[in-house]
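Trainee: Quick one, what's the 3D model for this:
(3 chains)
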Amino acid sequence: MDKYIFLIPLFPLIGFLINGLLGKRFGKGIISFIGCMTVGFSFIVSLFIWKYLLSLEPGHRILTQTLWKWMSVGGLSVDVSFMIDPLSMLMILVVTGVGFLIHVYSTGYMYEDESYWRYFAYLNMFVFFMAMLVLGGNYLVMFVGWEGVGLASYLLIGFWYQGIDNAVAGKKAFVVNRIGDFGFVLGLFLMFWTFGSLSYLDVFPKALELFEQGSLPINSPVLVAICLLLFVGATGKSAQIPLYIWLPDAMAGPTPVSALIHAATMVTAGVYMVARTNVLYTLAPSALLVVASIAAATAFFAATMGVLQNDIKKVLAYSTVSQLGYMFIGVGVTAYWAGIFHLMTHAFFKACLFLCSGSVIHAMSGDQDMRHMGGLAKKMPITYITMLFATLAISGLPPFAGFFSKDEILGKAFSFPYYPMAGKIIWFIGTAGAGITAFYMFRLIFMTFHGEFRGTKEQEHHLHESPANMTVPLVILALLSLFGGWLGIPELIGKFFGHVPNILEGFLEPVFEHSSNIVSQFAHHGHVAEPVEWTLMTTSVVVAIIGISLAYYIYMVHGKELPQKLAQKYAFHYQVIYNKYYVDEIYEFLVVLPIYYFSVFLWKVADAFFIDGIGVNGPAWVVKRTSSIVRLVQNGYVQTYGAFMLVGMVTILCFFIYR
Amino acid sequence: MVHLSWYLTVSAMLFCIGVFGFLTRRNIIMMLLSIELMLNSVNLNLAAMSHYMEDIRGQVLVFFIIAVAAAEAAIGLGIVVTLFRNYRSVYTEDITILKG
Amino acid sequence: MNNINMSFDLYHLWQVCGGQLILIVAGLLLILVDIILMEKDQEIRGRWMGWLTVFIFAATIGHLACREWDLHDTIFMNVFSADKYSIFISIVMTCAGLLAAMMSIGYLRNNGLVRGEYYILLVFAVAGAIGLIQSVDLLMMFITLEVMSLAIYALAAFLKDSSYSQEGAFKYFLLGSFGSALFLFGVAIIYGTTGTLNITQMAQYISGGSYSTLPILVAFAMIMAGFFFKMAMVPFHMWTPDVYEGAPSVITGFMATAVKAAAFGVFMKVLFVGFTPILASSGQPDFAATVNLSALGPYWKPVIWWLALLSMFIGNLIAVSQSNIKRMLAYSSIAHAGYMAVGIIAANGEGRMGVLFYLFAYTLMNIGAFGVVYLIDGMERKAQDLEDYRGLGYIYPSLSFLLSLFLVAMAGLPPTAGFIAKFYVFAAAIKEGYFLLAALGVLTSVIGAYYYLRVIYLMYMKEKVKDVERGPIAAPTVVALVIAALGVVYLGLLPENLASVANLAQQSLAMIF
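Mentor: Numbering: from 1, shown residues only, chains lettered A, B, ... in the order given. The predicted model follows:
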């Protein structure tokens, strides 16, 4: 079966080439057929390989395929090779499966677009590079995919290039990702320097061997440096503080692209990479602490920023940043499988959310402002139900998928084996963030689907449910948002249902085996007592319910008068503050206002000024300024040029003599 | 007999004068002459060394350098002529369209 | 002076210097052909001269690759040597000449410049470059360097009515002569000190222990300065942007590749054969030698470390604020010189192999890029501003796609030849512990990506503001572009074949007589 791995990336590549080179001459039917079927074939091949993988002994579930020797230099030999183990298997199933659904959805969503062929060519190219990233048997092949998905994302964000903002957003994504890649490449250099290889099957055993020999102690500086540099790459690709800023802007691209690239797959590449590198990270606990702390901060801050957005896609964008934070908390507290579990469930419910929002935007003729929506539930029932499912999942209510994965992460964070105290803080922040998540997600639901319609008459007239090729993927994803979590039912709950096993943890176990051994060897006792576990679980559910109730209270009970107040931006916040009962006022003073102002602060000051300005535009500005100053030396006088040559030579000479 | 170091000193001085001329004169023709001066200082150097080492190759090299310098002057003057047609000037400060 | 055998063996000469001989004889014949065609129609004349030149270069490549590759021989008392190293770089330069000649057919027609001497000069330039890389003797190096340079000065000035071309050529000429004079003074000092002009004999003198005497150091610095000028390393780079902007686009592509290949090739030869020979202590060649026995290493390594860093930084930095695409590519070529120099610093087999690979990859992508530039230009300087590239992706999709490919390769993104080339040189440097330099190099390539991809961004994500009408597309140019593009992709996917050949080439550097 390992002979067929190459087919998975090959099909989308063929699709890209056909659509890219000839698509202009094809009809839309052929383009859609090629675009969808190539990804569909990849999914089928993945399923077959999965079946084969399951037939193997758990310890031997590694398939490799080497296509050709890529290059060899300085004792380093790199092959173009693929590796499938349970981790990459799961990832490729998600990528091709969700990818296929989104391709199908796109046939409906993008049907009117004149560059239909270009869109599908880019989308297939993306799937190709994503498959390379996931399936690559060494870091260099992963890097090819890593750069490639960045390129595809850049092209798709700027797909509607007529809008200047879109192109700027594409450029921003690109610049930020280059900064991340810089760290990533340095990490690879350092890894090559330390281990003399870049292949997964060489580096990790070598690291373990050196570790057992004692020549690579836990937390050794070089290892921490490698892990942190790789994590810099991950912050770029997976939108963590401080490099997350490109993701909200990336929403300028078509909505299915946001669903596929900027929610379900590409942005999770960083999580995958950290999970893939789990052996090295486990050996570098301080790097893990950095990962987990940044992740917790991102999860919380992004959630608070989501509260304020009125653009339906922006809400989802910030929520993606926040959920990515949860995944990184998972991998950061050595609960690698939980991070990957959340990655999977998130792919389901977030793809569903984005596609639903696309359906809404489609119905609203391109309007994305939630203040113009309302009461859409009656007009688009399927979209409403599916979106509600996904929202319940992201809010973490049982028995939806998000509950199991998020709870697993938070539970594991509470018992962070390396740094128990930090773990408790991360748990607290994460739980608070979960509450806010439930709040703003239900705010979205209430503002969009409930109440009265607040848009123009014309928009109201056009409201319609989307066609079947858009709703069917929605339904599938909604069902996955419900049942997907049942793959990882914790032992605690499982024993009530006749010892349901935790399928996913068992499946992924071989990948993280060494890490768990190291953790159990070095860290404090990692397991919490059963009552504590129950308490944690209950807490997160209660927090979610509080968030939802708050949203209901503010946007449903008080939101009746909303339409009249819409003229003023953010009017309802003030309205809520001045008009209501005394209890409300205290309540809002204590809860809503701080969150509101904190959110404004973060959005306007921290985000726009510090991170956007100093983090991204800053370096670009410095480079441009320096450039325009340095170029003045080149003044056109031939004597100046000659003088520089002479000075250069004399400097070399002086160095030689006075060395 | 004149000691070798005298030749070398003269040659080094010539070379430095050439470099100085190249960097200070604004007239292209003068700059070309400065380069000739530099090349000739090398010739002097080589001839003297060749003589003192009793080795013929240095003087062979001198011949080649003279030939190359002639070719160089031919190309150089050709460029100066067309340059003058375009700019109506042979001063380097006028010939600074390309910069930055 | 071990064997003075002055008998002139013509067959031996043909064996060792076949490439040069073909080019020189063919160049002379081309003059005759040009005279014969003088009366004919411009169109016919240009086509004949162009195709003949293409044929000559192709024949030379064939001869070099098939007849001379396995040779290991010298002639004229070790003045020229034929070894895999020289032949490899000769092939790279002749390829540059071939691609340039193919593009020139269309270029000259578009600019109404069909004149035979253009091709003749091109042939002589390549002949000089091959002579330069084959020479083991500093005297011959100077002469062949001048043969190459003089031809290129004339080519750079080829647009007689363009002030830009004239100004560029004038600067190139003056500074080039200045650089040669510095180089020559260094040679004279070497001669006076060691009594020889042959770099292998010079090596024996230097590794005999007197490496750090003042005259040797002065000569070393001056010879380095002469080569750095041709390599366009900061601070000897300042002619580059002006000349590249002014010269005819195809010639710019040729200069940026063939001349760079020649300069890097001969510099590495002088460095690793002459000043810091890579011979093992037994006197036998050491193929994998990473240790330089001569103690000059600590002298030149820091120098090149700094110059490489400066070249990478300044080249990439100034390129950011350029508005003319040729000028931008000129600054990028300075940066590329810096990247290649990183491979020299490593001073190991992998580093030298990486530089050779880089030269080949760079030749393909750079000439390709200039080919597209001239096509979009139509007439020289009609549409060279970056602003003219707005929205071009939708007007000329295939040209834009090719340009994007070449630029992506220059930015060093996988899976193109540019990525592999950068990877080789950086990996070699890291292996020797130059981690900081590699890290800074990667940082500069982040800046580099910005301006390369800005062109792509303009082409695909902006709407056009001005009607740009490209010139008529000539078939040979298309063929050359496709060859370059396929080469860039092929070397990105399967670099091992070329790399192993380059490795053989760099090994033979240790065996030069």
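
Trainee: from memory C:Asp320 sits against C:Ile447, does it?
Mentor: Small correction: residue C:320 is Val, not Asp. Yes. In this structure, C:Val320 sits in contact with C:Ile447. The criterion is CB atoms under 8 Å, and the distance is 6.5 Å. Using the backbone N, CA and C atoms, a C-beta is placed for each residue, glycine as well.

Trainee: where do the contact lists of the two overlap?
Mentor: Taking CB atoms under 8 Å, 6 or more residues apart in numbering or on different chains as the contact definition, C:Val320 and C:Ile447 share the neighbouring residues A:Val623.

Trainee: got the buried residues for the lengthiest helix in chain C?
Mentor: Across chain C, the longest stretch assigned as helix under DSSP state H is helix C:163-194. By neighbour count with 16 or more other CB atoms under 10 Å in any protein chain shown, helix C:163-194 contains the buried residues C:163-194.

Trainee: following it, which helix or strand shows up next?
Mentor: helix C:199-207 (DSSP states H and E).

Trainee: Return the list of helices and strands in contact with that following helix.
Mentor: The elements that helix C:199-207 packs onto, with contact taken as 3 or more CB pairs under 8 Å, 6 or more residues apart in numbering or on different chains; DSSP states H and E, are helix C:163-194.

Trainee: Centre of the chain to the helix it packs on, how far?
Mentor: A distance of 17 Å separates the centroid of the chain from that of helix C:163-194, by CA atoms, centre = their mean, to the nearest Å.

Trainee: Check whether that helix comes near chain A.
Mentor: Yes. For helix C:163-194 and chain A, the contact criterion (CB under 8 Å from any CB of the partner chain) is met by C:170-171, C:174-175, C:178-179, C:182.

Trainee: Columns pLDDT and distance to A:Gly485 on top of the residues you listed, output as TSV?
Mentor: Formatted as TSV, the residues of helix C:163-194 next to chain A follow (pLDDT from 0 to 100; distance: CB to CB, whole Å):
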residue	pLDDT	distance to A:Gly485
C:Phe170	92	74
C:Lys171	93	70
C:Leu174	93	75
C:Leu175	94	71
C:Phe178	94	74
C:Gly179	94	71
C:Leu182	93	74
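
Trainee: Show me which residues of chain A sit near chain B.
Mentor: Residues of chain A lying near chain B (CB under 8 Å from any CB): A:631-632, A:634-639, A:642-643, A:646.

Trainee: got the end-to-end distance for stretch A:104-118?
Mentor: Between the opening and closing residues of stretch A:104-118 we find a distance of 16 Å, counting by CA to CA, to the nearest Å.

Trainee: contacting residues around it?
Mentor: A:19-20, A:23-24, A:26, A:28, A:31-32, A:35-36, A:119-120, A:123, A:159, A:254-256, A:259, A:355, A:358, A:362, A:466-467, A:469-470, A:472-474.

Trainee: before we move on, what about stretch C:194-203?
Mentor: So stretch C:194-203 is contacted by B:53, B:55, B:57, B:61, C:78-79, C:136-139, C:187, C:190-191, C:205-206, C:216, C:269-270, C:273-275, C:277, C:279, C:294, C:512-513 (CB under 8 Å, 6+ apart).

Trainee: Now, of those, which are buried?
Mentor: Going by neighbour count (16+ other CB under 10 Å), the contacts of stretch C:194-203 have B:55, B:57, B:61, C:78-79, C:136-139, C:187, C:190-191, C:205-206, C:216, C:269-270, C:273-275, C:277, C:279, C:294, C:512 buried.
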